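Trainee: mind looking at a prediction? Sequence and model below.
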Amino acid sequence: MNKTAILLLTATLVIFSNGNLNGNQYDVPQKIIVSGKVDNYDPSREVILAVNRIGSPQERIPVKTDSVGNFTAAFESYTPVDAWLFYRINFLVLFHPGDSLFVRFDGQSGSRPAIMNSIEFGGDAAQVNKYAAKFQHLYYSSELFNNRDRQERAVKEYGAEQYLQYLDTIQQKCRELYDQFVSDNNPDNESKKWALLLIENEYYSKLGWYAMEHRQVNNMAWDWDVPSGFYDKFLNGLPIAPSMFISAFALSSFADNFSSYVHAKSKDKGSIVKTKADSDSINIYSIIEFVPDPLLRQIMLTNSFNRDFHSEQNITNYERFRNVAETYITEPFLKESLQNKYHQTKFTLESPEIYTKTILKEATNLSISQLIDEIFQNNKGKVIYVDFWATWCGPCLAEFPSSKKVEHEFDDKNVAFVYLCLDSEEIQWKATIDRFQLGGQHYHLSTRQSTEIRNLFGISGIPDYLLIDKNGVIKEKGSHLRPLFVRGKITEMLK
């Protein structure tokens, strides 16, 4: 091929990558319906569907379940996706826009391989899901997934170069497992692509997390880092193509882990961070400068803005870099969903609708001792469950659906649910309460109050919880007192 032809081909690829991927294929979202049956259903357990969104945090979809285990859920998607279906254990299910899929499995199965043995599919995408189930059975039964002790030893004991050699062996085992799957099942191309991406995620996740985990387990200073070029292995995962969308879980994970490559390049360049605004700016412009694949660049930028909307109810960053978003995020399935999420978040911030059973408490002028006294006085004779959280704390927010469920379980009992929001903006505090529609008593603490209450109760991380009996005695404290874990303790304390 001559030089002119190469230049023309390159220009065509650039236009293709920055414009719409496949005509109008991903321009309009379509409804997806999933229904199914859990055999040997336990009504005390919840059926959960969590969709892996490309460029967005995972989205939990409401699932309607009857008393014998029949369930149904619906959502929309621009692109093919996979989603985690949770019951006793979680497993991945694949969808295309417009699909209606039926899933049936044994609710007594306590492991993914056991569920994969019992699972049945019907309707659209049944065939690709049958292959996906076969691969999950193979993968989750393998040494790759189950030999976590060796992985932990490698993270702890190996230096960067030795760890890369260890990852080479992981990559080889991944390929052998994939080849076994293809040889045994003769799957279609989409199933092969999904399986390959899922197994490669084993390699890229380990690569991306190594530095942080190695520092933690060895109690090393945070200025220790891997040598320059360590993360160049991520470039082997490029280019990103539309055929990868079916494995939204693996693609989203790859985009998250590719941030390690971007941060390393930014550090090599000598970028200086003095404020959060500096950090946000460096992050955005580093993605633009150091992500060589146009589609991956759009996904990472979209994810950065969506993370602000989702985790912090924060629109400031998007408004500050709106021109960047409009210039670089051009794919409709990313651009339109991002703009919709921005407008939803903005509306929530400006017009929060507080749940009818929510009580917002004024705490600004109270000392910590007065605040604690008020909580005790207002809830005399009740078991008190105190939740310390923040609007920017992902693990805190992840527990709120469970918190609301437990609130309902004790709705007519002598139990008080008290939420103390730390180190957060008031507008985002109200917006988060609106988003999750929590009941209970809610206090917004100032920065000073947050520091004082952390010191008083020895809170080193959040979420953290207090469990107080009907006599006002603190019976237990700690991050382990998550809502679903603590409900049995509350029941005992009410006796």
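Mentor: Ah, there it is.
Trainee: in three-state terms, how would residue 187 be classified?
Mentor: Here residue 187 takes the coil state, with states given by DSSP: H, G, I helix; E, B strand; the rest coil.
Trainee: show the pLDDT at the residue found closest to it once you drop the neighbours it is linked to in the chain.
Mentor: Among residues not flanking residue 187 along the chain, residue 131 sits closest, at 4.2 Å (Cβ to Cβ, 6 or more residues apart in numbering). Placement of C-beta: from N, CA and C, glycine included. Residue 131 is assigned a pLDDT of 98 by the prediction.
Trainee: same thing with residue 220?
Mentor: With respect to pLDDT, residue 220 has a value of 92.
Trainee: likewise for residue 293?
Mentor: Per-residue pLDDT puts residue 293 at 97.
Trainee: show me what contacts the closest residue to it other than its chain neighbours?
Mentor: With sequence-adjacent residues excluded and distances taken as Cβ to Cβ, 6+ apart, residue 293 is closest to residue 238, at 4.7 Å. Applying Cβ atoms under 8 Å, 6 or more residues apart in numbering to residue 238 gives the contacts 292, 293, 296.
Trainee: among those, which lie within helices?
Mentor: Using DSSP state H, the subset of the contacts of residue 238 located in helices is residue 296.
Trainee: wait, is residue 308 part of a helix?
Mentor: Yes. Residue 308 forms part of a helix when assessed by three-state DSSP.
Trainee: and the residue nearest to it when sequence neighbours are not counted, what's its pLDDT?
Mentor: What sits nearest to residue 308 in space, not counting adjacent residues and going by Cβ to Cβ, 6+ apart, is residue 314, at 4.4 Å. What the model reports for residue 314 is a pLDDT of 81.
Trainee: next, work out how far apart residue 314 and residue 393 are.
Mentor: With distances defined as Cβ to Cβ, to the nearest Å, the gap from residue 314 to residue 393 amounts to 13 Å.
Trainee: try residue 294
Mentor: Taking Cβ to Cβ as the measure, residue 294 falls 33 Å from residue 393.
Trainee: which SS state does residue 418 fall under?
Mentor: When the structure is reduced to helix, strand and coil (three-state DSSP), residue 418 reads as strand.
Trainee: out of the contacts of residue 238, which end up buried?
Mentor: With burial judged by 16 or more other Cβ atoms under 10 Å, the buried subset of the contacts of residue 238 is 293, 296.
Trainee: adding distance to residue 34, write the contacts of residue 238 out as a markdown table.
Mentor: Below are these laid out as a markdown table (distance: Cβ to Cβ, whole Å):
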| residue | distance to residue 34 |
| --- | --- |
| 292 | 36 |
| 293 | 31 |
| 296 | 28 |
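Trainee: surely residue 268 forms part of a strand?
Mentor: No. When the secondary structure is assigned by three-state DSSP, residue 268 falls in helix instead of a strand.
Trainee: count the residues that sit near it.
Mentor: When neighbours are counted by other Cβ atoms under 10 Å, residue 268 registers 11.
Trainee: tally up the residues packed near the residue lying closest to it once chain neighbours are set aside, please.
Mentor: Nearest residue to residue 268 in three dimensions, chain neighbours excluded: residue 228, at 5.9 Å (Cβ to Cβ, 6+ apart). Residues within reach of residue 228, counting by other Cβ under 10 Å, total 11.
Trainee: could you check the pLDDT of residue 228?
Mentor: Reading off the per-residue confidence, residue 228 sits at a pLDDT of 93.
Trainee: quick one: it from residue 210, how far?
Mentor: With the distance defined as Cβ to Cβ, residue 228 ends up 15 Å from residue 210.
Trainee: related to what we said a few turns ago, do you know the pLDDT at the residue nearest to residue 293?
Mentor: Listed pLDDT for residue 238 reads 97.
Trainee: the one 4 residues further on now?
Mentor: According to the predicted model, the pLDDT of residue 242 comes to 94.
Trainee: quick check: mean pLDDT across stretch 481-488?
Mentor: What stretch 481-488 shows for mean pLDDT is 91.
Trainee: domain assignment for this structure?
Mentor: In terms of domains, the chain is parsed into 30-141, 149-349, 358-494 (source: automatic domain parsing).
Trainee: all the helices of the stretch 301-450 of the chain, residue numbers only.
Mentor: Assigned by DSSP state H, counting those that start in this stretch, the helices in the stretch 301-450 of the chain fall at 316-320, 322-328, 332-350, 368-378, 394-398, 400-409, 426-436, 447-457.
Trainee: the fourth one: which residues count as buried?
Mentor: Within helix 368-378, the residues scored as buried using 16+ other Cβ under 10 Å are 368, 371, 372, 374, 375.
Trainee: just for the stretch 351-495 of the chain, where's the confidence low?
Mentor: 351-358 (pLDDT under 70).
Trainee: ok, now with 50
Mentor: Low-confidence segments of the stretch 351-495 of the chain, defined by pLDDT under 50: none present.
Trainee: SS state for residue 459?
Mentor: Residue 459 carries the three-state label coil when classified by three-state DSSP.
Trainee: just to check, residue 92 is in contact with residue 103?
Mentor: No. Proximity of residue 92 to residue 103 does not meet the contact threshold set by Cβ atoms under 8 Å, at 11.2 Å.
Trainee: now the common contact residues for these two.
Mentor: When contacts are counted by Cβ under 8 Å, 6+ apart, the set common to residue 92 and residue 103 consists of residue 85.
Trainee: wait, the residue nearest to residue 308 sits on residue 428?
Mentor: Yes. In terms of Cβ under 8 Å, residue 314 counts as a neighbour of residue 428; the distance is 6.5 Å.
Trainee: need the contact partners of stretch 464-483.
Mentor: Taking Cβ under 8 Å, 6+ apart as the criterion, the residues outside stretch 464-483 that touch it are 376, 380-388, 399, 402-403, 405-406, 414, 457, 461-463, 486, 489-490, 493-494.
Trainee: the same query, at a cut-off of 6 Å, please.
Mentor: Counting by Cβ atoms under 6 Å, 6 or more residues apart in numbering, the neighbours of stretch 464-483 from elsewhere in the structure are 376, 381, 383, 384, 386, 387, 388, 399, 402, 403, 406, 493.
Trainee: distance of the fifth one from residue 478?
Mentor: With distances defined as Cβ to Cβ, the gap from residue 386 to residue 478 amounts to 12 Å.
Trainee: mind listing what the longest strand along the chain pairs with, with the direction of each?
Mentor: Looking across the chain with DSSP state E, the single longest strand is strand 30-39. Taking DSSP bridges as the criterion, strand 30-39 forms sheet pairs with strand 70-77 (antiparallel), strand 100-106 (parallel).
Trainee: for residue 214, which of these is the nearest?
Mentor: Comparison of the strands paired with strand 30-39 against residue 214 by Cβ to Cβ identifies strand 70-77 as nearest, at 37.2 Å.
Trainee: show residues contacting that closest one.
Mentor: By Cβ under 6 Å, 6+ apart, the residues outside strand 70-77 that reach it are 29, 31-37, 47, 49, 51, 61, 63-65, 97.
Trainee: could you do stretch 164-183 as well?
Mentor: 135, 138, 142, 144, 154, 158, 195, 196, 199, 202, 203.
Trainee: residues near the residue lying closest to residue 29 once chain neighbours are set aside, how many?
Mentor: On the basis of Cβ to Cβ, 6+ apart, the spatially nearest residue to residue 29 that is not a chain neighbour turns out to be residue 76, at 4.1 Å. When neighbours are counted by other Cβ under 10 Å, residue 76 registers 13.
Trainee: if I look at residue 76, how far off is residue 242?
Mentor: Distance, residue 76 to residue 242, by Cβ to Cβ: 18 Å.
Trainee: that's all I had, so thanks and see you.
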